[in-house]
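Peer 1: Generate coordinates for the sequence data below:
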Amino acid sequence: MIKKIFIPIVLLVGTNALGQPKGYWQQRADYKMEVTMDVKSYQYSGKQELLYTNNSNDTLKRVYYHLYNNAFQPGSEMDARLQSIPDPDGRMVTKVKNTDGKETNKSRIAALKPDEIGFLKISNFKQDGVEAKAREVGTILEVDLAQPLLPGKTTLLTLDFNGQVPVQIRRSGRNNKEGVALSMAQWYPKMAEFDFEGWHADPYIAREFHGVWGNYDVKITIDKNYVLGGTGYLQNKNEIGHGYADEGVTVTIPKKQKTLTWHFLAPNVHDFTWAADKDYLHDKLLTDEGVTLHFLYKNNPKIIDTWKKAQNYTAEILTFYNKMVGKYPYEQYSVIQGGDGGMEYAMCTLVLGEGELNGFIGLIAHEFGHSWFQHVLASNESKHGWMDEGFTSFIEDTVMNQFAEKKATNPYAGAYKGYVDMVKSGKEQPLSTHADRFDLNRCYSISSYSKGEIFLSQLIYLIGEENLRQTLRRYYEEFKFKHPTPNDIKRTAERVSGANLDWYLTDWTQTTNTIDYGISAVVDNDTNATQTKITLERIGRMPMPIDLLVEYNDGSKESFYIPLRMMSFEKENPTPNIKRTVLSDWAWAFQNYSFTLSKPKNSIKQISIDPSGLMADVKKENNTFVQ
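Peer 2: Numbering: from 1, shown residues only. Presented below is the predicted three-dimensional model:
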């Protein structure tokens, strides 16, 4: 059945059948790889055939590959960055006490010995059988093609590779802190993305990835005692066993046989990851959605109960995300103990697996959420990490709030707190900053995860919750498998709601402008003592519409909505049980706005700007008047 799916997808993508907008194109990279792993030396060798289709209008004379393993060498750019950034990733450094008692961060990469480093060496590079010039530049392979690749043409690129799995420092590696033998992420020569902006041959310094969709046909030969999990569908499960065989099938491996060759096919993905360990337990769960969930984890009595309990939660998360965003398009997903925390990959995640149940479920909810925003939508994380990390954090907090016994009024409150703290630190950089160019890891994380999450939660404030839900589903449906850009999510929200949101995308993602509105005066009306004049002021540069709640001493409430002129939009009443008055709009150029309340000042108990807490006002203390 898999083979029937596998080949047609190649044809569909090449012929625009995925529904791309007119003029849209994307490259295609179909891989065939055979690799043999030596589990004693942690070295591997392989052959790669890559069928590369140039769907652009450019004639390509050069192509680029990523050689991610090369980052784990003393003197690499990743090593240099660790030694220069003020707050290096704690997983990648060792704290050393100086003679004065102070601690210094020492790069773990700088201390690697020759048999501990990672490397990926390329040889025998050919284009359609003709030798091509390939040059290794750090974590990038630059290839001058033997023949230019014309628009609309396909070429076969072949190479041999030899690699060494580094000591586990970041994401990939061997023998992680929980004892997992092999976390094989970013392990093969991977074609860089070429799109309407040109080549994205970013060196591997610290951040995440951008890839070309294709079909992967991968054979991995390894010691027969190792259990594997990862991307794709296992084609020879009844020869492999290890929990993959069909029900009722007994797999017997001859004692004299030293290795097994695992054969995976992965249709329409932009990465391929696997992990392996001799002590993996392997559970399977067929969900109501028709997706088989695989769980691979160490045979550690301390964690087995947690991993068992997490399985049904994972199935519920799948159902929730399918309804909230759109249908997960693959037939399997694997949760695998490995790596250095939690990292998303095609059809799988590598996670640390010794935590408490609630935190572990939250980790799975986040990494699984990436399957929608990174491994189906696949925006460029180097340039727009907030579109993946932030949007994934949004659905993670939404589903975890559903699981909570006590539901939070604002499940995204943690993101707002992190964002405001960053603003107050004075170290914020715009979301448009390249992921490798943030001055601080902390600011990269808060920007991508928290400020990116607020981009969506604040849309609830701007256009209403139902419009936001429709926006997410339409965005996913229209841009899956298409590498959307920030403008695409903005335009989708505009099409759904009818609001003008260009100002929002600009201010929130391309500047560090902040939102700060305040109640500057509440006074008796000069001409009528039975009325109250309320004056608001815009202090921050970023404009917003205003929701205002007035609570009276008699217990009654009424709300007021001030549209933002540049939005050309009126939001539906988010609290229909409270009477709402829509006032005249507020144009950005006017810093102050006044209106008259038809009740005297002494009848007012409290006035609040944004009672929902969904507007990211950086100074909440001036948002409330209490009498």
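
Peer 1: What are the contacting residues of the lengthiest helix in the chain?
Peer 2: Secondary structure of the chain read by DSSP state H shows that its longest helix is helix 301-324. With contacts defined as CB atoms under 8 Å, 6 or more residues apart in numbering, helix 301-324 is touched by 281, 283, 285, 287-289, 291, 293, 295, 297, 328, 333, 335, 353-357, 360-361, 364-365, 368-369, 371-372, 395, 398-399, 402-403, 469, 472-473. Where C-beta positions appear, they are placed from N, C-alpha and C, glycine not excepted.

Peer 1: Out of the residues you listed, list just those in strands.
Peer 2: Here DSSP state E is the test, and these give 281, 283, 285, 293, 295, 297, 333, 335 as lying in strands.

Peer 1: Surely the last one touches Cys348?
Peer 2: Read it as Val335. Yes. Using CB atoms under 8 Å, Val335 is in contact with Cys348, at 7.4 Å.

Peer 1: which of the contacts of helix 301-324 are buried?
Peer 2: 281, 287, 291, 293, 295, 297, 328, 333, 335, 353-354, 360-361, 364-365, 368-369, 371-372, 395, 398-399, 472-473 (16 or more other CB atoms under 10 Å).

Peer 1: Now do the buried residues in stretch 106-124.
Peer 2: 107-110, 112, 116-122.

Peer 1: Take those and write them to CSV, including pLDDT and distance to Tyr444.
Peer 2: CSV is the format used below for the buried residues of stretch 106-124 (pLDDT from 0 to 100; distance: CB to CB, whole Å):
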residue, pLDDT, distance to Tyr444
Ser107, 98, 18
Arg108, 98, 20
Ile109, 98, 19
Ala110, 98, 22
Leu112, 98, 24
Glu116, 98, 27
Ile117, 98, 26
Gly118, 98, 23
Phe119, 98, 27
Leu120, 98, 26
Lys121, 98, 31
Ile122, 98, 31
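
Peer 1: List just the nearest of those to Arg207.
Peer 2: Arg207 has its nearest neighbour among the buried residues of stretch 106-124 in Ile109, at 15.6 Å by CB to CB.

Peer 1: contacting residues around that closest one?
Peer 2: So Ile109 contacts 71-74, 76, 78-79, 82, 92, 169 (CB under 8 Å, 6+ apart).

Peer 1: so how far is Gly338 from Asp89?
Peer 2: Distance of Asp89 to Gly338, computed by CB to CB, to the nearest Å: 18 Å.

Peer 1: okay, those two: which has more neighbours?
Peer 2: Gly338 (34 against 18; other CB atoms under 10 Å).

Peer 1: The more buried one reaches Asn176, doesn't it?
Peer 2: Yes. Gly338 lies in contact with Asn176 (CB under 8 Å); the separation is 6.2 Å.

Peer 1: Between those two, which contacts overlap?
Peer 2: What both Gly338 and Asn176 touch, as defined by CB under 8 Å, 6+ apart, is the set Ser183.

Peer 1: mind listing the helices for the stretch 501-627 of the chain?
Peer 2: 502-510 (DSSP state H, counting those that start in this stretch).

Peer 1: ok, now the chain?
Peer 2: Under the criterion DSSP H, the chain contains helices at 2-14, 77-84, 237-240, 301-324, 357-373, 381-385, 391-403, 413-425, 441-445, 452-463, 465-479, 486-497, 502-510.

Peer 1: His210 is nearest to which of these?
Peer 2: Once those are compared by CB to CB, helix 381-385 is nearest, at 5.9 Å.

Peer 1: How far off centre is the closest one?
Peer 2: Computed by CA atoms, centre = their mean, to the nearest Å, the chain-centroid distance of helix 381-385 equals 9 Å.

Peer 1: hmm, back to that, and the buried residues of stretch 106-124, which of them are in strands?
Peer 2: Residues of the buried residues of stretch 106-124 located in strands (DSSP E): 107, 119-122.

Peer 1: right, and the pair among those residues with maximum separation?
Peer 2: Maximum distance among those (CB to CB): 26.0 Å, for Ser107 and Ile122.

Peer 1: Tell me who's in contact with the spatially closest residue to Asn300 that is not a sequence neighbour.
Peer 2: Nearest residue to Asn300, sequence neighbours excluded (CB to CB, 6 or more residues apart in numbering): Glu354, at 7.5 Å. For Glu354, the contact set (CB under 8 Å, 6+ apart) comprises 178, 300, 302-303.

Peer 1: switch to 10 Å and redo it
Peer 2: Contact partners of Glu354, counting by CB atoms under 10 Å, 6 or more residues apart in numbering, are 177-179, 297-298, 300, 302-303, 306-307, 337, 360.

Peer 1: Same check on Glu208?
Peer 2: 171, 202, 343-344, 370, 374, 380-382, 385, 388-389, 435, 448.

Peer 1: Let's see that with 7 Å instead.
Peer 2: Neighbour list for Glu208: 381, 385 [criterion: CB atoms under 7 Å, 6 or more residues apart in numbering].

Peer 1: Quick check on it: phi, psi?
Peer 2: Main-chain dihedrals, Glu208, degrees, to the nearest 10: phi -110, psi -150.

Peer 1: Can you check what pLDDT the model gives whatever residue is furthest in space from the centre of the chain?
Peer 2: Distance from the C-alpha centroid of the chain, by CA atoms, centre = their mean, peaks at Thr527 (56.7 Å). Looking at Thr527, its pLDDT is 76.

Peer 1: i'd like the first residue to be 551 from this point on
Peer 2: From this message on, residue numbering opens at 551, which makes the last subject Thr1077.

Peer 1: Look up phi and psi at it.
Peer 2: With angles defined as degrees, to the nearest 10, Thr1077 sits at phi -100, psi -10.

Peer 1: before we move on, the earlier item: relative to Asn605, which of the ones in strands among the contacts of helix 851-874 is nearest.
Peer 2: Tyr883 (28.6 Å).

Peer 1: how close does the closest one sit to Glu797?
Peer 2: On the measure of CB to CB, Tyr883 and Glu797 end up 20 Å apart.

Peer 1: Give me the residues contacting stretch 1033-1045.
Peer 2: 576, 745, 927-930, 934, 937, 1009, 1013, 1021, 1024-1025, 1028-1029, 1050-1052, 1055, 1059.

Peer 1: One more: stretch 735-754?
Peer 2: 576-577, 579, 583, 598, 600, 602, 606, 613-619, 621, 627-628, 670, 672, 688-691, 709, 711, 713, 721-722, 760-762, 823, 889, 893, 895, 900, 930, 932, 1033.

Peer 1: Equivalent analysis for stretch 989-1001, please.
Peer 2: 635-639, 935-936, 939-940, 943, 965, 968-969, 972, 977-979, 981, 985, 988.

Peer 1: need the contact list for His984.
Peer 2: 932-933.

Peer 1: Just the pLDDT for it.
Peer 2: 97.

Peer 1: re earlier: would TSV of the ones in strands among the buried residues of stretch 656-674 with distance to Phe870 be doable?
Peer 2: Below are those laid out as TSV (distance: CB to CB, whole Å):
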residue	distance to Phe870
Ser657	40
Phe669	42
Leu670	38
Lys671	44
Ile672	43
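
Peer 1: of those residues, closest to Ile803?
Peer 2: The closest of these, once distances to Ile803 are taken by CB to CB, is Leu670, at 30.4 Å.

Peer 1: pretty sure the closest one contacts Leu617?
Peer 2: Yes. Leu670 lies in contact with Leu617 (CB atoms under 7 Å); the separation is 4.4 Å.

Peer 1: what residue ranges in the stretch 551-700 of the chain score low on pLDDT?
Peer 2: Filtered on pLDDT under 70, the stretch 551-700 of the chain yields the residue ranges 551-571.

Peer 1: 80 - rerun?
Peer 2: 551-572 (pLDDT under 80).

Peer 1: And the chain, by the same measure?
Peer 2: Within the chain, the ranges that satisfy pLDDT under 80 run 551-572, 1076-1079.

Peer 1: if you set the cut-off to 50 instead, what comes out?
Peer 2: 551-570 (pLDDT under 50).
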